[in-house]
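Undergrad: Below are the sequence and a predicted model; questions follow.
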Amino acid sequence: MEGRGGKDRKVFGKLRKVEVVEYKSGLSVEEVERRYGVKAVKLASNENPYGPTPRVYDVLKKFRSFNTYPKELPELKTAIADYLGVEENRIVLGCGSDGVMESVFKMFVDRGDEVVIPIPTFSYYHTLASVYSAKVVNVERREDYSLNVEGILNAVSDKTKLVIICSPNNPTGNAERVEDVKAIVESVDCPVFIDEAYAEFSDWNMLSLLDYENVIVSRTFSKAFGLANLRVGYGVMHEDLVRYYKSVTPPFPVSTLAQLCALECLRDLDYMLKCVKTIKSERERIYRELKRRDIEVYKSQANFLFMKSPIKAGEFVEELVKRGVIVRDCSNFLGCDDYSVRVSVGKPDENNAFLRALDDLLSNL
Ligand code: PMP
């Protein structure tokens, strides 16, 4: 097309010269069904297979204010504050916890600053660090994927602007020990960002550390509450940081509709707790089933399991996809080996489909 090739390509020369670590989401059910002509289940994005409380659908039906810009709903902040047991004036909202994280980067991270990241972990931290031209200091986790506290403390320098802790950690599933994170928080004078996207699935969390002024915790409605598509995340930080957060965040990060749905989720906590209970019991069942098949699998405090595949992860995932089950190849995650795979916990029949596909694959090895 005239004008889209040749001359106009000059704009490409204007792109920032940063090597951005692109965040890649997994294959979709539709893609797999089109490509392989099989009915597919997706166990690759750590979603809640049951969806949100059905009460959300009543909110959707009633909502009319599509033409006006959103406002922050004070009721949602009050409900979040009650849910976590923190003061309302410490809560901020974001377009998913990804959005919260990006705003925290905007608050603290300048070109040349350092960000300390224990690996393997959620790759969007690396994307953001590259977007904000920061230097990442990766610190390998211990063999059981727990934090190498000493390594982290050694990695922190005057230039460190953020230490990022993900608990429970994606993709390894382990929740960090509170004493480990506390030791880090107490020893550094930079902010420690604790991503608790999967906290509801864990037997413990890091909220007790919110008394430290350098702790920022992010949470989300995307996982246990089943609202991933509506993009509602929130953060808790020192109240004096909140206005800085607001000054860097886009003007309307969360739609009123999404906020109303999130509020409804908090008004029906029993529904979420029931989903979490079922998912945790399925998580333990799949864990046992994998162990029974001599697969190396790790204890998880999240809604997914981290395992080592019997053949290279890329090939393993491809073989499962052909059998209609989408799981995540983690071999390209920093700090993961070639056999690293993550499997989200689905509904029992989806999990059975995974185990059947696995058995079929194992019997053909
Ligand atoms: N943190 C972690 C560790 C995640 O795995 C994810 C989702 N993949 C997110 C944050 C982002 O979640 P959301 O933006 O939907 O809240």
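TA: Now that the structure is in, tell me what you want to look at. Numbering: from 1, shown residues only.

Undergrad: Now do the closest residue to the ligand within the stretch 1-150 of the chain, the pLDDT please.
TA: Nearest residue of the stretch 1-150 of the chain to the ligand, counting by Cβ to the nearest ligand atom: residue 96, 2.5 Å away. C-beta coordinates here come from the backbone N, C-alpha and C atoms, glycine included. pLDDT for residue 96: 98.

Undergrad: next one: residue 2
TA: So residue 2 comes in at 48 (pLDDT).

Undergrad: quick revisit: tell me how far the residue of the stretch 1-150 of the chain closest to the ligand lies from residue 102.
TA: Remark: distance between residue 96 and residue 102 (Cβ to Cβ, to the nearest Å) = 9 Å.

Undergrad: Between those two, which is the more surrounded one?
TA: Comparing residue 96 with residue 102 by neighbour count (other Cβ atoms under 10 Å), the higher total belongs to residue 96, at 25 against 22.

Undergrad: how does the protein divide up, domain by domain?
TA: The chain resolves into domains spanning 22-51+270-363, 55-267 when parsed by automatic domain parsing.

Undergrad: okay if I get those domains as a markdown table plus distance to residue 9?
TA: Shown next, in a markdown table, are the domains of the chain (distance: least, Cβ to Cβ, whole Å):
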| stretch | distance to residue 9 |
| --- | --- |
| domain 22-51+270-363 | 21 |
| domain 55-267 | 23 |
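
Undergrad: how about the longest helix belonging to the chain: buried residues?
TA: Looking across the chain with DSSP state H, the single longest helix is helix 269-292. Neighbour-count burial for helix 269-292, counted by 16 or more other Cβ atoms under 10 Å, picks out 271, 272, 275, 276, 279, 280, 282, 283, 286, 287, 289, 290.

Undergrad: who's in contact with that helix?
TA: Helix 269-292 has contacts (Cβ atoms under 8 Å, 6 or more residues apart in numbering) with 48-50, 52-55, 83, 200-201, 224-226, 265, 297, 299-300, 303-305, 307, 343, 345-348, 351, 354-355.

Undergrad: any idea how far the helix or strand that comes right after it is from the chain center?
TA: Next in sequence after helix 269-292, counting helices and strands by DSSP states H and E, comes strand 296-297. Using Cα atoms, centre = their mean, to the nearest Å, the distance from the centre of strand 296-297 to the centre of the chain it belongs to is 22 Å.

Undergrad: what packs against strand 296-297?
TA: helix 269-292, strand 304-308 (3 or more Cβ pairs under 8 Å, 6 or more residues apart in numbering; DSSP states H and E).

Undergrad: would you turn those into CSV with distance to the ligand and mean pLDDT?
TA: Output for these, formatted as CSV (distance: least, Cβ to the nearest ligand atom, whole Å; pLDDT from 0 to 100):
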stretch, distance to the ligand, mean pLDDT
helix 269-292, 15, 98
strand 304-308, 9, 98
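
Undergrad: Same list, those, but as a markdown table with distance to residue 126 please.
TA: As requested, the helices and strands packed on strand 296-297 are exported to a markdown table (distance: least, Cβ to Cβ, whole Å):
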| stretch | distance to residue 126 |
| --- | --- |
| helix 269-292 | 27 |
| strand 304-308 | 18 |
